[in-house]
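Colleague: Got a predicted structure here, sequence first:
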Amino acid sequence: MKYGFFPGCTLESAAYELMISTKKVAEALGIELIELDGWTCCGASHIQDISEDLSLAINARNIALGEKLNAPIMTVCNTCTLMLRTAKQRLDEDEEAKARANESLKEAGLEYQGSSDVTHMLWMLLADYGLENLKKKVKRPLKGLKVANFYGCHIIRPPQIMGFESHLNPQSMEMVAVALGAEVVDFDQRLACCGFHAVFPAEKEVMQKTGVNCLSAKDAGADVLVTPCPLCQMQLDMYQPDAQKRFEESIKMPILHLPQLIGLALGFEPEELGIKRHIIDAIPVLSEKLSSK
Amino acid sequence: MRTITFKINRFDGDRAWTQAYDLNHEEGKTLLWALTKIREEQDPTLNFTSACRHAICGSCAVRINGHAHLICKTSLDEILEIYKSDELAFAPQANFDVVRDLVVDWRPMTERLETVKPWLIPTEDGAADTGFIQTPKDFHKIASPTDCIQCGICASECEQLAENENFLAPFILNRAYRFAVDSRDAAPSEHIRPAFENDLWKCLHCHACVSQCPKGIRLDREIAYLRQESMKMGEVDNAGARHAYAFHDDVQSKGRLNETTLPLKTEGMLKTMRRIPFALRMVRTGKLNPLHFPKAVNGIDGVRRIYAKVKGGKK
């Protein structure tokens, strides 16, 4: 199995641990990831606020880089997935937009053809790799670890563009967690927004959401909250101490990236998966729950 | 016989409770069928609104298991299949005050709607008695936003509105857009400026509104358009616009985002100073390396030429 890997900007900086854990997990599962040469930021759901055509053109370029590899494109970020898929849908359905984008791409010696799909690692595991195969690779079942799955908006919404599963009641995260041997907890904020994209203009509202999202998982008895999106992870982890100031109840909810959860089950130690880099320390609860390898 | 249980939020103006009703399952029915049957056969005191039964009056929106649906066009079987359960929770739309049971108060929302002047401010090219000429291309610009039936589903789903009453519900932003892009309208800024002034940049990009809109209106693209136009009107000195430009400029310069300079570009030095405790904890765990500056990506010249081409080619 081979994918053109689109890491997204956060994997080179604040969410570098997601780069580490994704590569470790892919290697352990025998999945070849070839990083797209020269990929740019997807626009992070902001550039279309300046120019929709520009957002379309830069992502047509990103997808064209993947097409050169003759492979589907895989991301580990919800928003990157949405931005690439938004562009792809438009380019595949709107001949005029595609012609315009390709006029621009000519400037970079590239052409968008429409030959590469865009997927997310979560979907890849279910649709391409198979949960049964994943189960066979589990060396340390996450028995007794209570996991709250926080999907993040951009892996389910809007369904017209994402559409892998029902946006009203998705189950992919739970299916992966169960395959790893973890215990799934249901919580009110499972499908809520983390607010990351508006953390600057809407700081007050977003901090409120951060607290509510984490407390909802905590009240449901979760040991850790897991998300398939580095932006959700960053919002809920990095800003948790700021959100705490608005709440009397202690929050302290460790936030894991999905590949870190998978990596733990594959037998990697938390340190090998960059879990020490998190602001909210997940090591104590993981040591307690996963004491023996 | 398969039984479906409907747990409905009740409110009599004073007391709130949840009441369960059982119905025998019938294939091929709508959610509105269920509520109507409960009211006709089990409980005449159950309040909900509905009229046309054809997804055009917009009066029957209700939340099912937390998400708003136009219940006259929503299949009971599809919802049961999605939730893999024979028990459904019905609640009135969120972000509205409740009058009784599933009936919400539209007055405050209607008053907010007036903020964006949801009417045509005509150009001198036509008048009410003589009419206007509009090209098919210009007509198509208003076709989708005009589909809005003001059911309120987008308002119920909106994650910003849930936290901030000053935000305009997405259908109100849709109305601003609908007149701003109308070729017969002489004053688009009259519709756009109130949207900007009522926290336009606070939309969280959660896409909850787009996902549930029964008319498939691309509210996300409309909000992006309103933001673009507000910047053309000179409203560039705010966190939202500066944040968008930080991404825009970083991609043009290096291809990738520089997380270190992002807060500075978005908030300026003074506000960024406030974030020093945040920055310190980021540096401590290695999440932020202030000395890391992304190198330009392979092919950056091509990226810059794409920028120039897109901008040069703008109408």
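Modeller: Nice, thanks for sending it over.
Colleague: three-state assignment of residue 225?
Modeller: Answering for chain A, as no chain was given. Secondary structure assignment for A:Leu225 (DSSP: H, G, I helix; E, B strand; the rest coil): strand.
Colleague: Quick check: it touching A:Tyr151?
Modeller: No - contact between A:Leu225 and A:Tyr151 fails when scored by Cβ atoms under 8 Å: they sit 11.0 Å apart. In short, each C-beta sits where N, CA and C put it, glycine included.
Colleague: Those two - which one has more neighbours?
Modeller: A:Leu225 (29 against 24; other Cβ atoms under 10 Å in any protein chain shown).
Colleague: Please name the residues that touch that one.
Modeller: Listed by Cβ atoms under 8 Å, 6 or more residues apart in numbering or on different chains, the contact set of A:Leu225 reads A:Val147, A:Ala148, A:Asn149, A:Phe150, A:Asn213, A:Cys214, A:Ala217, A:Leu236, A:Met253, A:Pro254, A:Ile255, A:Leu256.
Colleague: Give me the distance between B:Ile56 and chain A.
Modeller: Separation of B:Ile56 from chain A (Cβ to the nearest Cβ, to the nearest Å): 21 Å.
Colleague: The nearest residue to that residue once chain neighbours are set aside: what secondary structure?
Modeller: In space, and not counting its chain neighbours, B:Ile56 is closest to B:Ile149: 6.1 Å by Cβ to Cβ, 6 or more residues apart in numbering or on different chains. Under three-state DSSP, the three-state class of B:Ile149 is coil.
Colleague: Quick check: phi and psi on B:Ile149?
Modeller: The phi and psi torsions at B:Ile149 (degrees, to the nearest 10) take the values phi -110, psi 10.
Colleague: and what of B:Ala16?
Modeller: Torsion angles, degrees, to the nearest 10, at B:Ala16: phi -120, psi 140.
Colleague: and if you look at A:Lys68?
Modeller: Torsion angles, degrees, to the nearest 10, at A:Lys68: phi -60, psi -20.
Colleague: any idea of the pLDDT on it?
Modeller: On pLDDT, A:Lys68 comes in at 97.
Colleague: And for B:Thr74?
Modeller: For B:Thr74, the pLDDT comes out at 98.
Colleague: Now it: closest residue in space that isn't a chain neighbour?
Modeller: Closest to B:Thr74 by Cβ to Cβ, 6+ apart is B:Leu31, at 4.9 Å.
Colleague: A:Ser55 too?
Modeller: A:Gln48 (4.0 Å).
Colleague: The one you found contacts A:Asn59, doesn't it?
Modeller: No - here A:Gln48 does not reach A:Asn59: they are 9.9 Å apart, not a contact under Cβ under 8 Å.
Colleague: so which helix or strand takes in the residue of the stretch 201-315 of chain B found nearest chain A?
Modeller: Nearest residue of the stretch 201-315 of chain B to chain A: B:Gly302, at 2.7 Å (Cβ to the nearest Cβ). Counting by DSSP states H and E, the element that carries B:Gly302 is helix B:300-312.
Colleague: Return the residues in contact with the residue nearest to A:Ser55.
Modeller: Per Cβ under 8 Å, 6+ apart, neighbours of A:Gln48: A:Leu54, A:Ser55, B:Arg221, B:Ala224.
Colleague: per-residue confidence at the residue nearest to B:Thr74?
Modeller: In this model, B:Leu31 carries a pLDDT of 98.
Colleague: and the residue nearest to B:Ile56, what does it touch?
Modeller: B:Ala55, B:Ile56, B:Cys57, B:Gly58, B:Pro214, B:Lys215.
Colleague: go again using 7 Å as the cut-off
Modeller: Neighbouring residues of B:Ile149 by Cβ atoms under 7 Å, 6 or more residues apart in numbering or on different chains: B:Ile56, B:Cys57, B:Gly58, B:Lys215.
Colleague: which one of the contacts of A:Gln48 is nearest A:Leu36?
Modeller: A:Leu36 has its nearest neighbour among these in A:Ser55, at 17.5 Å by Cβ to Cβ.
Colleague: quick one: the helices in the stretch 101-250 of chain B?
Modeller: Assigned by DSSP state H, counting those that start in this stretch, the helices in the stretch 101-250 of chain B fall at B:107-113, B:136-146, B:153-157, B:170-180, B:188-197, B:208-212, B:219-232, B:239-253.
Colleague: can you put the ones you listed in JSON lines and add mean neighbour count?
Modeller: What follows is the helices of the stretch 101-250 of chain B, written out as JSON lines (neighbours: other Cβ atoms under 10 Å in any protein chain shown):
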{"stretch": "helix B:107-113", "mean neighbour count": "14"}
{"stretch": "helix B:136-146", "mean neighbour count": "14"}
{"stretch": "helix B:153-157", "mean neighbour count": "28"}
{"stretch": "helix B:170-180", "mean neighbour count": "26"}
{"stretch": "helix B:188-197", "mean neighbour count": "20"}
{"stretch": "helix B:208-212", "mean neighbour count": "26"}
{"stretch": "helix B:219-232", "mean neighbour count": "21"}
{"stretch": "helix B:239-253", "mean neighbour count": "21"}
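Colleague: Could you break chain A into its assigned domains?
Modeller: Split into domains by automatic domain parsing, chain A comes to A:2-120, A:138-289.
Colleague: wait, which of these is closest to B:Ala244?
Modeller: domain A:2-120 (4.4 Å).
Colleague: for the closest one, the distance to its chain's centre please.
Modeller: In terms of Cα atoms, centre = their mean, to the nearest Å, the centre of domain A:2-120 is found 14 Å from the chain centre.
Colleague: try stretch B:14-22
Modeller: With Cα atoms, centre = their mean as the basis, the mean position of stretch B:14-22 lies at 30 Å from the chain mean.
Colleague: Buried ones in it, by neighbour count?
Modeller: The neighbour-count check on stretch B:14-22 (16 or more other Cβ atoms under 10 Å in any protein chain shown) flags B:Gln19, B:Tyr21 as buried.
Colleague: what residues does it touch?
Modeller: Counting by Cβ under 7 Å, 6+ apart, B:Thr3, B:Thr5, B:Phe6, B:Lys7, B:Ile8, B:Asn9, B:Arg10, B:Ile38, B:Gln42, B:Asp43 sit against stretch B:14-22.
Colleague: looking at it, B:Ile8 is touching B:Phe90, isn't it?
Modeller: Yes - counting by Cβ atoms under 7 Å, B:Phe90 is a contact partner of B:Ile8 at 4.4 Å.
Colleague: Spell out which parts of the stretch 101-250 of chain B neighbour chain A.
Modeller: Residues of the stretch 101-250 of chain B lying near chain A by Cβ under 7 Å from any Cβ of the partner chain: B:159-160, B:163-164, B:201-208, B:210-211, B:224, B:227-228, B:239-240, B:243-245, B:247-248, B:250.
Colleague: 8 Å - rerun?
Modeller: B:159-160, B:163-164, B:199, B:201-208, B:210-211, B:216, B:220-221, B:224-225, B:227-228, B:231, B:238-241, B:243-245, B:247-248, B:250 (Cβ under 8 Å from any Cβ of the partner chain).
Colleague: A:Asp242 contacts A:Val206, doesn't it?
Modeller: No - using Cβ under 8 Å, A:Asp242 is not in contact with A:Val206, being 9.6 Å away.
Colleague: what's downstream of the helix or strand hosting A:Ile20, the next helix or strand?
Modeller: According to DSSP H and E, A:Ile20 maps onto helix A:16-29. Next helix or strand after helix A:16-29 toward the C-terminus (DSSP H and E): strand A:32-35.
Colleague: Alright, that wraps it up for me.
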